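Asks: with the input below, show me the fold.
(one chain, ligands or ions: 1)
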Amino acid sequence: MSKTVLITGGSSGLGKSIGEYLTEKGYQVYGTSRSPEKYKNTAFPIVKLDVTDPESIQNCVQELLEKTQRIDILINNAGVGITGPMEEIPMREMKNNFETNVFGPIGMINAVLPTMRSQQTGLIINMTSIAGYMGLPFRGVYSASKGALELITEAYRMELKPFKVHMTNIAPGDFATNIASGRYHAPLQQNSPYHNSYGATLALMDNHVDDGKDPKILAQVVYQIIQTKHPKIHYKVGAFLQKFSIVLKRILPDHWFERLLMSFYKL
Ligand SMILES: NC(=O)c1ccc[n+]([C@@H]2O[C@H](COP(=O)([O-])OP(=O)(O)OC[C@H]3O[C@@H](n4cnc5c(N)ncnc54)[C@H](OP(=O)(O)O)[C@@H]3O)[C@@H](O)[C@H]2O)c1
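Replies: Model prediction:
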């Protein structure tokens, strides 16, 4: 019997690519969207889900269980970007971001765990980001949300060991998807002192995503992880320099690493 995979945010970008690849490999894949009616002729079915709404989470998992009676793999992929100076991002928007990137995945995990525990098998993959390993300028909230999900993954893993439910996370570098166009950009206040620095960093960020790697590379890594008996705690997937930045952060004195980041972002 083919394994059932639920991918949150399967309507575009990485989620879509992972879903198409796993479908090709014979998995029974379900993706999600807040507007499933927009996605009719897709490679795999798209069900309705808004991870910021607890009722929607329950309905989505219930719908899937009625169709498949089991959930073998959950890929917590849905996520949104947010940029802006920490001083000027409206607090409401910071909270919105955490609702999608942190509390949403927790809600999904908790919704599938009773099923996975009773199956005595299950794998949960949380999509974080290399940005979650360091506080990036004008992306502090995004970095924090992804860093939080990394730590939450570590905690769940230990708690779930007795139940044979595995958890891991993948931290991608830049991949060419729609994420830049879906990002929330904080509007700068009139006479904001951040006009020049934020503008320059924003342009660099968008270029990086546009020049990003092919999402299929990430889909192949997901496939490999699914085949692995004991997945690692963290996976990093992306350009060498992006992955190496995590090593540099570990080995360099903090202020050297800060200087390196600032010169990279031309600050
Ligand atoms: N692309 C990159 O370079 C990159 C790098 C590092 C990490 N990531 C992470 O990878 C994941 C996928 O991003 P992507 O690049 O593929 O972006 P994307 O193309 O913008 O896709 C985002 C997906 O998330 C879904 N989504 C957004 N808000 C949602 C909500 N409230 N409830 C349910 N689904 C929601 C969207 O579905 P609908 O709009 O249809 O609802 C969409 O399918 C994200 O977690 C992102 O942070 C991406």
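
Asks: and stretch 182-200, how far out from the chain's middle?
Replies: Stretch 182-200 sits 24 Å away from the centroid of its parent chain (C-alpha atoms, centre = their mean, to the nearest Å).

Asks: which parts of it are buried?
Replies: Residues 183-184, 186, 192, 194, 197-198 are the ones in stretch 182-200 that count as buried (16 or more other C-beta atoms under 10 Å). For the C-beta atoms, the positions are set from N, CA and C on the backbone; glycine is no exception.

Asks: within the sheet, what are the partner strands of the top strand by length along the chain, with directions?
Replies: The longest strand of the chain (DSSP state E) is strand 165-172. Neighbouring strands of strand 165-172 in its sheet, by DSSP bridges, are strand 122-127 (parallel), strand 234-237 (parallel).

Asks: deepest of those strands, which one?
Replies: Of all the strands paired with strand 165-172, strand 122-127 has the most neighbours on average by mean count of other C-beta atoms under 10 Å, namely a mean of 24.

Asks: chain center to that strand, what's the gap?
Replies: 11 Å.

Asks: going on from that strand, what's the next piece of helix or strand?
Replies: For strand 122-127, the following helix or strand on the C-terminal side (DSSP states H and E) is helix 140-160.

Asks: picking that back up, tell me which of the buried residues of stretch 182-200 fall in strands.
Replies: Tyr184.

Asks: export the strands paired with strand 165-172 to JSON lines and tack on mean pLDDT and distance to the ligand?
Replies: As requested, the strands paired with strand 165-172 are exported to JSON lines (pLDDT from 0 to 100; distance: least, C-beta to the nearest ligand atom, whole Å):
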{"stretch": "strand 122-127", "mean pLDDT": "98", "distance to the ligand": "4"}
{"stretch": "strand 234-237", "mean pLDDT": "98", "distance to the ligand": "9"}
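
Asks: nothing else from me, thank you.
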